[in-house]
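J.: Sequence and computational prediction follow.
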Protein chains: 2
Amino acid sequence: MRVPRAEREEQILTAAEQVFAERGFHATSMDEVAERVGVTKPLIYDYFGSKEGLLSACITRARTQLREATELSWASVGPDAPLSEVFEAGVRAFFEFIDAHATAFVLIRQEGAVASQANPLIESIREEQSAATVATFRAAPGLGAVPEELLEGCAEVVIGACERVAVWRAGRPGIGVEDATAIVVSSVWGGLSSLLTPR
Amino acid sequence: MRVPRAEREEQILTAAEQVFAERGFHATSMDEVAERVGVTKPLIYDYFGSKEGLLSACITRARTQLREATELSWASVGPDAPLSEVFEAGVRAFFEFIDAHATAFVLIRQEGAVASQANPLIESIREEQSAATVATFRAAPGLGAVPEELLEGCAEVVIGACERVAVWRAGRPGIGVEDATAIVVSSVWGGLSSLLTPR
DNA sequence: TTGGTAACTTACCGATGGTAAGTTCCTCGT
DNA sequence: ACGAGGAACTTACCATCGGTAAGTTACCAA
(Lines give C-alpha, C1' and ligand atoms only; values in the text may rest on other atoms or scores of the structure.)
Protein backbone atom coordinates (compact mmCIF):
# COMPACT_ATOMS: atom_id res chain seq x y z
CA MET A 1 0.00 0.00 0.00
CA ARG A 2 1.24 3.43 -0.93
CA VAL A 3 1.57 5.89 1.92
CA PRO A 4 2.76 9.52 2.17
CA ARG A 5 6.27 10.08 3.37
CA ALA A 6 5.55 11.65 6.78
CA GLU A 7 3.29 8.78 7.77
CA ARG A 8 5.74 6.12 6.53
CA GLU A 9 8.54 7.77 8.48
CA GLU A 10 6.51 7.52 11.66
CA GLN A 11 5.83 3.83 11.03
CA ILE A 12 9.51 3.19 10.42
CA LEU A 13 10.54 5.09 13.54
CA THR A 14 8.07 3.15 15.66
CA ALA A 15 9.25 -0.20 14.35
CA ALA A 16 12.91 0.78 14.63
CA GLU A 17 12.43 1.94 18.20
CA GLN A 18 11.08 -1.47 19.17
CA VAL A 19 13.78 -3.46 17.39
CA PHE A 20 16.64 -1.25 18.62
CA ALA A 21 15.33 -1.46 22.17
CA GLU A 22 14.89 -5.22 22.25
CA ARG A 23 17.95 -6.30 20.22
CA GLY A 24 20.39 -3.42 20.63
CA PHE A 25 21.93 -1.33 17.86
CA HIS A 26 24.46 -3.86 16.63
CA ALA A 27 22.12 -6.85 16.52
CA THR A 28 19.41 -4.93 14.69
CA SER A 29 19.29 -5.50 10.95
CA MET A 30 17.81 -2.96 8.60
CA ASP A 31 16.02 -5.75 6.74
CA GLU A 32 14.18 -6.71 9.91
CA VAL A 33 13.00 -3.16 10.51
CA ALA A 34 11.92 -2.95 6.89
CA GLU A 35 10.07 -6.25 7.09
CA ARG A 36 8.12 -5.20 10.19
CA VAL A 37 6.89 -2.11 8.40
CA GLY A 38 6.13 -4.09 5.24
CA VAL A 39 8.61 -2.20 3.10
CA THR A 40 12.08 -2.83 1.65
CA LYS A 41 15.44 -1.61 2.87
CA PRO A 42 16.32 1.03 0.27
CA LEU A 43 13.27 3.05 1.21
CA ILE A 44 14.59 3.40 4.74
CA TYR A 45 17.96 4.48 3.38
CA ASP A 46 16.21 7.00 1.16
CA TYR A 47 14.46 8.50 4.18
CA PHE A 48 17.08 8.21 6.92
CA GLY A 49 20.43 7.91 5.12
CA SER A 50 22.09 5.26 7.23
CA LYS A 51 21.62 2.92 10.17
CA GLU A 52 23.09 5.49 12.52
CA GLY A 53 20.84 8.10 10.97
CA LEU A 54 17.85 5.94 11.78
CA LEU A 55 18.98 5.55 15.40
CA SER A 56 19.59 9.29 15.59
CA ALA A 57 16.09 9.98 14.38
CA CYS A 58 14.64 7.53 16.93
CA ILE A 59 16.58 9.12 19.77
CA THR A 60 15.61 12.60 18.64
CA ARG A 61 11.95 11.67 18.65
CA ALA A 62 12.20 10.00 22.05
CA ARG A 63 14.00 12.93 23.63
CA THR A 64 11.53 15.38 22.14
CA GLN A 65 8.60 13.41 23.56
CA LEU A 66 10.32 13.36 26.95
CA ARG A 67 10.88 17.11 26.89
CA GLU A 68 7.30 17.76 25.87
CA ALA A 69 6.03 15.60 28.72
CA THR A 70 8.01 17.53 31.32
CA GLU A 71 7.10 20.90 29.84
CA LEU A 72 3.46 19.90 29.94
CA SER A 73 3.76 19.12 33.63
CA TRP A 74 5.35 22.49 34.28
CA ALA A 75 2.50 24.20 32.55
CA SER A 76 -0.10 22.21 34.45
CA VAL A 77 1.27 23.22 37.83
CA GLY A 78 0.47 26.87 37.16
CA PRO A 79 2.61 29.79 36.05
CA ASP A 80 3.31 31.34 39.46
CA ALA A 81 3.67 28.29 41.68
CA PRO A 82 6.74 28.23 43.91
CA LEU A 83 9.84 26.81 42.25
CA SER A 84 9.91 23.81 44.58
CA GLU A 85 6.55 22.63 43.26
CA VAL A 86 7.45 23.20 39.63
CA PHE A 87 10.68 21.34 40.19
CA GLU A 88 9.04 18.36 41.82
CA ALA A 89 6.37 18.16 39.14
CA GLY A 90 9.05 18.05 36.45
CA VAL A 91 10.97 15.25 38.15
CA ARG A 92 7.80 13.25 38.67
CA ALA A 93 6.80 13.72 35.03
CA PHE A 94 10.23 12.42 34.03
CA PHE A 95 9.81 9.15 35.92
CA GLU A 96 6.23 8.74 34.77
CA PHE A 97 7.36 9.12 31.19
CA ILE A 98 10.08 6.50 31.63
CA ASP A 99 7.57 4.06 33.08
CA ALA A 100 5.18 4.60 30.20
CA HIS A 101 7.81 4.57 27.44
CA ALA A 102 10.37 1.98 28.46
CA THR A 103 11.62 1.42 24.92
CA ALA A 104 12.21 5.12 24.38
CA PHE A 105 14.40 5.26 27.44
CA VAL A 106 16.45 2.23 26.41
CA LEU A 107 17.06 4.14 23.21
CA ILE A 108 18.13 7.33 24.93
CA ARG A 109 20.72 5.35 26.82
CA GLN A 110 22.23 4.24 23.52
CA GLU A 111 23.00 7.74 22.36
CA GLY A 112 26.63 7.41 23.46
CA ALA A 113 27.04 4.85 20.70
CA VAL A 114 26.12 7.28 17.98
CA ALA A 115 27.14 10.66 19.40
CA SER A 116 30.81 9.76 19.55
CA GLN A 117 32.16 12.79 17.73
CA ALA A 118 29.54 15.44 18.30
CA ASN A 119 26.55 14.29 16.29
CA PRO A 120 24.97 17.72 15.85
CA LEU A 121 21.40 16.48 15.83
CA ILE A 122 21.67 14.64 19.13
CA GLU A 123 23.70 17.43 20.65
CA SER A 124 21.14 20.07 19.72
CA ILE A 125 18.24 18.08 21.14
CA ARG A 126 20.20 17.58 24.33
CA GLU A 127 20.75 21.29 24.62
CA GLU A 128 17.07 21.93 24.07
CA GLN A 129 16.28 19.89 27.16
CA SER A 130 18.88 21.72 29.23
CA ALA A 131 17.66 25.05 27.91
CA ALA A 132 14.07 24.22 28.86
CA THR A 133 15.15 23.38 32.39
CA VAL A 134 17.22 26.55 32.64
CA ALA A 135 14.27 28.60 31.42
CA THR A 136 12.12 27.11 34.16
CA PHE A 137 14.66 28.05 36.79
CA ARG A 138 14.90 31.54 35.35
CA ALA A 139 11.16 32.01 35.46
CA ALA A 140 11.06 31.33 39.19
CA PRO A 141 9.76 34.19 41.32
CA GLY A 142 12.33 35.85 43.55
CA LEU A 143 15.36 34.63 41.67
CA GLY A 144 18.40 36.86 41.99
CA ALA A 145 21.08 37.49 39.41
CA VAL A 146 22.54 34.02 39.00
CA PRO A 147 25.30 33.60 36.44
CA GLU A 148 24.22 31.70 33.35
CA GLU A 149 26.88 29.03 33.67
CA LEU A 150 25.85 28.10 37.18
CA LEU A 151 22.25 27.77 36.09
CA GLU A 152 23.22 25.52 33.20
CA GLY A 153 25.35 23.42 35.49
CA CYS A 154 22.44 22.95 37.89
CA ALA A 155 20.19 21.84 35.05
CA GLU A 156 22.76 19.22 34.06
CA VAL A 157 22.97 18.02 37.64
CA VAL A 158 19.21 17.51 37.79
CA ILE A 159 18.98 15.77 34.43
CA GLY A 160 21.95 13.55 35.17
CA ALA A 161 20.55 12.57 38.54
CA CYS A 162 17.16 11.70 37.04
CA GLU A 163 18.62 9.62 34.22
CA ARG A 164 20.94 7.63 36.43
CA VAL A 165 18.29 7.00 39.09
CA ALA A 166 15.98 5.79 36.33
CA VAL A 167 18.57 3.25 35.19
CA TRP A 168 19.18 2.12 38.77
CA ARG A 169 15.48 1.80 39.39
CA ALA A 170 14.98 -0.43 36.33
CA GLY A 171 16.40 -3.39 38.24
CA ARG A 172 14.43 -2.69 41.41
CA PRO A 173 10.69 -3.12 41.00
CA GLY A 174 10.12 -2.06 44.61
CA ILE A 175 11.03 1.57 43.89
CA GLY A 176 7.96 3.38 42.59
CA VAL A 177 7.66 6.70 40.82
CA GLU A 178 7.06 8.51 44.09
CA ASP A 179 10.09 6.95 45.77
CA ALA A 180 12.33 7.92 42.88
CA THR A 181 10.91 11.43 42.81
CA ALA A 182 11.47 11.79 46.54
CA ILE A 183 15.09 10.65 46.28
CA VAL A 184 15.97 13.13 43.54
CA VAL A 185 14.01 16.04 44.93
CA SER A 186 15.24 15.67 48.48
CA SER A 187 18.88 15.17 47.57
CA VAL A 188 19.04 18.02 45.14
CA TRP A 189 16.48 20.55 46.27
CA GLY A 190 18.19 21.75 49.44
CA GLY A 191 21.39 22.74 47.74
CA LEU A 192 19.63 24.01 44.67
CA SER A 193 17.26 26.32 46.48
CA SER A 194 20.01 27.97 48.51
CA LEU A 195 22.06 28.38 45.35
CA LEU A 196 19.27 29.91 43.35
CA THR A 197 17.91 32.25 45.99
CA PRO A 198 21.00 33.56 47.80
CA ARG A 199 19.94 34.92 51.14
CA MET B 1 57.48 -10.75 18.49
CA ARG B 2 55.99 -13.29 20.85
CA VAL B 3 54.48 -11.86 24.01
CA PRO B 4 52.70 -13.44 27.02
CA ARG B 5 48.95 -13.26 27.05
CA ALA B 6 48.44 -10.78 29.90
CA GLU B 7 50.75 -8.25 28.30
CA ARG B 8 49.20 -8.64 24.83
CA GLU B 9 45.75 -8.18 26.29
CA GLU B 10 46.81 -4.87 27.78
CA GLN B 11 48.24 -3.75 24.42
CA ILE B 12 45.04 -4.72 22.66
CA LEU B 13 42.87 -2.95 25.23
CA THR B 14 44.93 0.23 24.94
CA ALA B 15 44.75 0.24 21.14
CA ALA B 16 41.04 -0.61 21.15
CA GLU B 17 40.30 2.16 23.64
CA GLN B 18 41.87 4.71 21.30
CA VAL B 19 40.13 3.46 18.17
CA PHE B 20 36.73 3.07 19.83
CA ALA B 21 37.02 6.56 21.29
CA GLU B 22 38.00 8.30 18.06
CA ARG B 23 35.85 6.38 15.56
CA GLY B 24 32.96 5.08 17.65
CA PHE B 25 31.95 1.44 18.08
CA HIS B 26 30.29 0.94 14.73
CA ALA B 27 33.03 2.54 12.63
CA THR B 28 35.79 0.63 14.37
CA SER B 29 37.05 -2.44 12.53
CA MET B 30 38.70 -5.32 14.32
CA ASP B 31 41.35 -5.43 11.62
CA GLU B 32 42.38 -1.88 12.41
CA VAL B 33 42.75 -2.62 16.10
CA ALA B 34 44.75 -5.71 15.24
CA GLU B 35 46.98 -3.79 12.86
CA ARG B 36 47.79 -1.13 15.45
CA VAL B 37 48.95 -3.78 17.86
CA GLY B 38 50.87 -5.60 15.15
CA VAL B 39 48.79 -8.77 15.37
CA THR B 40 46.03 -10.43 13.37
CA LYS B 41 42.32 -10.49 14.03
CA PRO B 42 41.78 -14.10 15.20
CA LEU B 43 44.07 -13.54 18.16
CA ILE B 44 41.79 -10.81 19.43
CA TYR B 45 38.80 -13.13 19.02
CA ASP B 46 40.69 -15.81 20.89
CA TYR B 47 41.24 -13.43 23.81
CA PHE B 48 38.03 -11.38 23.87
CA GLY B 49 35.42 -13.49 22.08
CA SER B 50 33.69 -10.80 20.03
CA LYS B 51 33.69 -7.14 19.14
CA GLU B 52 31.23 -6.41 21.92
CA GLY B 53 33.36 -8.45 24.26
CA LEU B 54 36.31 -6.25 23.42
CA LEU B 55 34.29 -3.10 24.09
CA SER B 56 33.04 -4.61 27.35
CA ALA B 57 36.59 -5.30 28.46
CA CYS B 58 37.64 -1.74 27.57
CA ILE B 59 34.74 -0.26 29.51
CA THR B 60 35.38 -2.53 32.46
CA ARG B 61 39.00 -1.44 32.62
CA ALA B 62 38.12 2.24 32.28
CA ARG B 63 35.47 2.09 35.01
CA THR B 64 37.79 0.18 37.31
CA GLN B 65 40.49 2.82 36.85
CA LEU B 66 37.94 5.53 37.57
CA ARG B 67 36.78 3.82 40.74
CA GLU B 68 40.32 3.29 41.94
CA ALA B 69 41.11 6.97 41.37
CA THR B 70 38.16 8.12 43.50
CA GLU B 71 38.85 5.57 46.23
CA LEU B 72 42.44 6.74 46.36
CA SER B 73 41.26 10.29 46.91
CA TRP B 74 38.97 9.17 49.72
CA ALA B 75 41.85 7.43 51.42
CA SER B 76 44.14 10.43 51.04
CA VAL B 77 41.71 12.78 52.78
CA GLY B 78 42.02 10.81 56.02
CA PRO B 79 39.76 8.21 57.61
CA ASP B 80 37.87 10.47 60.04
CA ALA B 81 37.50 13.65 58.04
CA PRO B 82 33.97 15.13 57.93
CA LEU B 83 31.77 13.69 55.23
CA SER B 84 31.61 17.00 53.38
CA GLU B 85 35.35 16.91 52.76
CA VAL B 86 35.39 13.27 51.72
CA PHE B 87 32.51 13.97 49.38
CA GLU B 88 34.15 16.96 47.77
CA ALA B 89 37.45 15.12 47.34
CA GLY B 90 35.68 12.30 45.53
CA VAL B 91 33.89 14.63 43.15
CA ARG B 92 37.11 16.50 42.41
CA ALA B 93 38.96 13.23 41.79
CA PHE B 94 36.23 12.26 39.33
CA PHE B 95 36.68 15.40 37.21
CA GLU B 96 40.45 15.19 37.39
CA PHE B 97 40.29 11.63 36.14
CA ILE B 98 38.08 12.62 33.23
CA ASP B 99 40.48 15.39 32.24
CA ALA B 100 43.42 13.00 32.32
CA HIS B 101 41.68 10.09 30.58
CA ALA B 102 39.44 11.63 27.97
CA THR B 103 39.31 8.49 25.84
CA ALA B 104 38.28 6.34 28.80
CA PHE B 105 35.32 8.59 29.44
CA VAL B 106 34.19 8.58 25.82
CA LEU B 107 34.18 4.81 26.19
CA ILE B 108 32.14 4.80 29.37
CA ARG B 109 29.50 6.83 27.60
CA GLN B 110 29.17 4.09 25.00
CA GLU B 111 28.15 1.45 27.49
CA GLY B 112 24.50 1.91 26.61
CA ALA B 113 25.34 0.43 23.22
CA VAL B 114 26.50 -2.83 24.66
CA ALA B 115 24.56 -3.15 27.92
CA SER B 116 21.19 -3.25 26.21
CA GLN B 117 19.85 -6.38 27.84
CA ALA B 118 21.75 -6.58 31.11
CA ASN B 119 25.33 -7.31 30.17
CA PRO B 120 26.36 -8.85 33.50
CA LEU B 121 29.97 -7.69 33.37
CA ILE B 122 29.11 -4.05 32.82
CA GLU B 123 26.29 -4.22 35.30
CA SER B 124 28.52 -5.66 38.02
CA ILE B 125 31.21 -3.04 37.53
CA ARG B 126 28.57 -0.34 37.71
CA GLU B 127 27.29 -1.72 40.96
CA GLU B 128 30.82 -1.80 42.34
CA GLN B 129 31.06 1.92 41.84
CA SER B 130 27.72 2.55 43.50
CA ALA B 131 28.64 0.23 46.35
CA ALA B 132 31.92 2.05 46.93
CA THR B 133 30.06 5.36 47.14
CA VAL B 134 27.48 3.89 49.49
CA ALA B 135 30.23 2.47 51.70
CA THR B 136 31.78 5.94 51.93
CA PHE B 137 28.49 7.43 53.06
CA ARG B 138 28.04 4.62 55.58
CA ALA B 139 31.47 5.23 57.05
CA ALA B 140 30.66 8.85 57.81
CA PRO B 141 30.77 9.77 61.50
CA GLY B 142 27.43 10.59 63.11
CA LEU B 143 25.30 8.89 60.49
CA GLY B 144 21.95 7.70 61.76
CA ALA B 145 20.02 4.64 60.67
CA VAL B 146 19.36 5.48 57.04
CA PRO B 147 17.53 2.87 54.95
CA GLU B 148 19.75 1.13 52.43
CA GLU B 149 17.63 2.05 49.45
CA LEU B 150 17.80 5.74 50.16
CA LEU B 151 21.56 5.55 50.48
CA GLU B 152 21.83 3.75 47.16
CA GLY B 153 19.57 6.28 45.51
CA CYS B 154 21.74 9.13 46.77
CA ALA B 155 24.84 7.46 45.38
CA GLU B 156 23.15 7.22 41.99
CA VAL B 157 22.19 10.89 42.14
CA VAL B 158 25.78 11.90 42.77
CA ILE B 159 27.25 9.65 40.07
CA GLY B 160 24.62 10.72 37.55
CA ALA B 161 25.21 14.38 38.29
CA CYS B 162 28.97 14.01 37.88
CA GLU B 163 28.72 12.11 34.62
CA ARG B 164 26.31 14.50 33.01
CA VAL B 165 28.19 17.60 34.13
CA ALA B 166 31.35 16.05 32.69
CA VAL B 167 29.67 15.64 29.32
CA TRP B 168 28.31 19.18 29.44
CA ARG B 169 31.72 20.56 30.36
CA ALA B 170 33.38 18.82 27.41
CA GLY B 171 32.03 21.50 25.09
CA ARG B 172 32.91 24.38 27.40
CA PRO B 173 36.65 24.86 27.87
CA GLY B 174 36.02 27.74 30.26
CA ILE B 175 34.71 25.45 33.00
CA GLY B 176 37.65 24.08 34.98
CA VAL B 177 37.81 21.18 37.39
CA GLU B 178 37.16 23.44 40.36
CA ASP B 179 34.12 25.05 38.73
CA ALA B 180 32.61 21.67 37.96
CA THR B 181 33.35 20.39 41.45
CA ALA B 182 31.74 23.48 42.95
CA ILE B 183 28.60 23.06 40.86
CA VAL B 184 28.06 19.44 41.84
CA VAL B 185 29.03 19.83 45.48
CA SER B 186 26.95 22.93 46.07
CA SER B 187 23.85 21.66 44.30
CA VAL B 188 23.84 18.28 45.94
CA TRP B 189 25.52 18.68 49.29
CA GLY B 190 22.84 20.71 51.03
CA GLY B 191 20.09 18.21 50.45
CA LEU B 192 22.34 15.25 50.91
CA SER B 193 23.68 16.30 54.28
CA SER B 194 20.26 16.94 55.74
CA LEU B 195 19.07 13.60 54.39
CA LEU B 196 21.97 11.63 55.76
CA THR B 197 22.08 13.27 59.19
CA PRO B 198 18.45 13.81 60.14
CA ARG B 199 18.34 16.43 62.84
C1' DT C 1 64.14 -35.58 22.13
C1' DT C 2 59.61 -35.04 22.31
C1' DG C 3 55.00 -34.23 23.72
C1' DG C 4 52.02 -30.66 24.80
C1' DT C 5 50.38 -26.22 24.94
C1' DA C 6 50.39 -21.19 24.36
C1' DA C 7 50.86 -17.71 20.86
C1' DC C 8 49.82 -16.64 16.48
C1' DT C 9 48.65 -16.80 11.11
C1' DT C 10 46.44 -17.91 6.57
C1' DA C 11 42.44 -18.47 4.23
C1' DC C 12 37.95 -18.41 4.16
C1' DC C 13 32.52 -17.80 4.77
C1' DG C 14 28.16 -15.44 5.25
C1' DA C 15 25.56 -11.73 6.92
C1' DT C 16 24.41 -7.26 6.34
C1' DG C 17 25.11 -2.24 5.57
C1' DG C 18 24.75 0.31 1.62
C1' DT C 19 23.73 1.57 -3.54
C1' DA C 20 22.48 1.87 -8.62
C1' DA C 21 19.07 1.56 -11.59
C1' DG C 22 14.95 1.07 -12.40
C1' DT C 23 9.33 0.75 -12.01
C1' DT C 24 4.81 2.18 -10.73
C1' DC C 25 1.57 5.45 -9.59
C1' DC C 26 -0.27 9.89 -8.35
C1' DT C 27 -0.68 14.83 -9.43
C1' DC C 28 -0.73 18.93 -11.73
C1' DG C 29 -0.39 22.12 -15.55
C1' DT C 30 -1.97 22.94 -20.15
C1' DA D 1 -7.47 14.23 -21.75
C1' DC D 2 -2.78 13.54 -21.49
C1' DG D 3 1.94 13.84 -20.91
C1' DA D 4 5.71 15.53 -17.81
C1' DG D 5 7.57 15.12 -13.49
C1' DG D 6 8.32 13.63 -9.22
C1' DA D 7 7.28 10.87 -5.10
C1' DA D 8 6.94 6.20 -3.39
C1' DC D 9 8.85 1.99 -3.75
C1' DT D 10 11.37 -2.48 -5.64
C1' DT D 11 14.87 -5.73 -7.68
C1' DA D 12 19.37 -6.97 -7.90
C1' DC D 13 23.61 -6.26 -6.64
C1' DC D 14 28.38 -5.10 -4.37
C1' DA D 15 31.84 -4.82 -0.65
C1' DT D 16 33.12 -4.74 3.77
C1' DC D 17 33.78 -6.84 7.96
C1' DG D 18 32.54 -9.77 11.98
C1' DG D 19 33.53 -14.28 12.93
C1' DT D 20 35.72 -19.15 12.36
C1' DA D 21 38.31 -23.52 11.03
C1' DA D 22 42.42 -25.31 10.46
C1' DG D 23 46.74 -24.94 10.64
C1' DT D 24 51.90 -23.28 12.02
C1' DT D 25 55.57 -21.73 14.98
C1' DA D 26 57.90 -21.21 19.23
C1' DC D 27 58.53 -22.26 23.95
C1' DC D 28 58.84 -25.25 28.04
C1' DA D 29 58.72 -29.14 30.94
C1' DA D 30 59.66 -34.17 31.60
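T.: That came in fine, so what should we check first?
J.: What segments of chain A are helices?
T.: Assigned by DSSP state H, chain A shows helices spanning A:5-23, A:30-37, A:41-48, A:51-76, A:83-100, A:102-109, A:111-114, A:120-138, A:148-170, A:177-196.
J.: Residues contacting the last one, please?
T.: If I follow you right, that is helix A:177-196. Contact with helix A:177-196 is made by A:83-84, A:87-88, A:91-92, A:95-96, A:99, A:137, A:140, A:143-144, A:146, A:150-151, A:154, A:157-158, A:161-162, A:165-166, A:169, B:149-150, B:153-154, B:157, B:161, B:186-195, as judged by Cβ atoms under 8 Å, 6 or more residues apart in numbering or on different chains. Every residue, glycine included, has its C-beta placed from N, CA and C.
J.: got it, and the second one?
T.: Contact with helix A:30-37 is made by A:8, A:11-12, A:15-16, A:18-19, A:40-41, A:43-45, A:51, A:54, as judged by Cβ under 8 Å, 6+ apart.
J.: Now with 6 Å, please.
T.: Residues outside helix A:30-37 that contact it (Cβ atoms under 6 Å, 6 or more residues apart in numbering or on different chains): A:11-12, A:15-16, A:19, A:40-41, A:44.
J.: cool, and the third one?
T.: Taking contacts as Cβ under 6 Å, 6+ apart, the residues outside helix A:41-48 that touch it are A:9, A:12, A:30-31, A:34, A:54, A:57.
J.: how does it look with 7 Å?
T.: Helix A:41-48 has contacts (Cβ atoms under 7 Å, 6 or more residues apart in numbering or on different chains) with A:9, A:12, A:30-31, A:33-34, A:54, A:57.
J.: returning to what we had before: among the contacts of helix A:30-37, which one sits closest to B:Ile125?
T.: A:Val19 (27.3 Å; Cβ to Cβ).
J.: Verify the contact between that closest one and A:Thr28 for me.
T.: Yes: contact criterion Cβ atoms under 7 Å: A:Val19 and A:Thr28 qualify, at 4.9 Å.
J.: re the thing from before, which members of the contacts of helix A:30-37 are the farthest-apart pair?
T.: Between any two of those, the greatest separation by Cβ to Cβ is 15.8 Å, found for A:Val19 and A:Thr40.
J.: Looking at those two, which has the bigger crowd around it?
T.: A:Val19 (22 against 12; other Cβ atoms under 10 Å in any protein chain shown).
J.: wait, what's in contact with the more buried one?
T.: Shown in contact with A:Val19 (Cβ under 7 Å, 6+ apart): A:28, A:32-33, A:36.
J.: Kindly write the ChimeraX command that selects the buried subset of these.
T.: Entered in ChimeraX, the line below selects the buried ones among the contacts of A:Val19, by 16 or more other Cβ atoms under 10 Å in any protein chain shown:
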select /A:28,33
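J.: Break chain A into its domains for me.
T.: The record's domain split for chain A, according to automatic domain parsing, is A:1-49, A:62-196.
J.: weakest of these in terms of mean pLDDT?
T.: Set side by side, these give their lowest mean pLDDT on domain A:62-196, at a mean of 89.
J.: Is DNA strand C within reach of that domain?
T.: No: using Cβ under 7 Å from any atom of the strand, domain A:62-196 stays clear of DNA strand C, with a minimum separation of 11.4 Å.
J.: ok, so what distance separates the residue nearest the centre of chain A from A:Glu96?
T.: Centre of chain A computed as the mean C-alpha position; nearest residue by Cα atoms, centre = their mean is A:Arg63, 3.6 Å away. From A:Arg63 across to A:Glu96, the span is 16 Å (Cβ to Cβ, to the nearest Å).
J.: OK, contacts around A:Ala21?
T.: By Cβ under 7 Å, 6+ apart, the neighbours of A:Ala21 are A:103, A:106-107.
J.: Same list (these) but as TSV, adding distance to B:Glu68 and neighbour count.
T.: What follows is the contacts of A:Ala21, written out as TSV (distance: Cβ to Cβ, whole Å; neighbours: other Cβ atoms under 10 Å in any protein chain shown):
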residue	distance to B:Glu68	neighbour count
A:Thr103	35	16
A:Val106	30	21
A:Leu107	32	25
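J.: quick one: which of those residues is nearest A:Ser130?
T.: A:Leu107 (18.9 Å).
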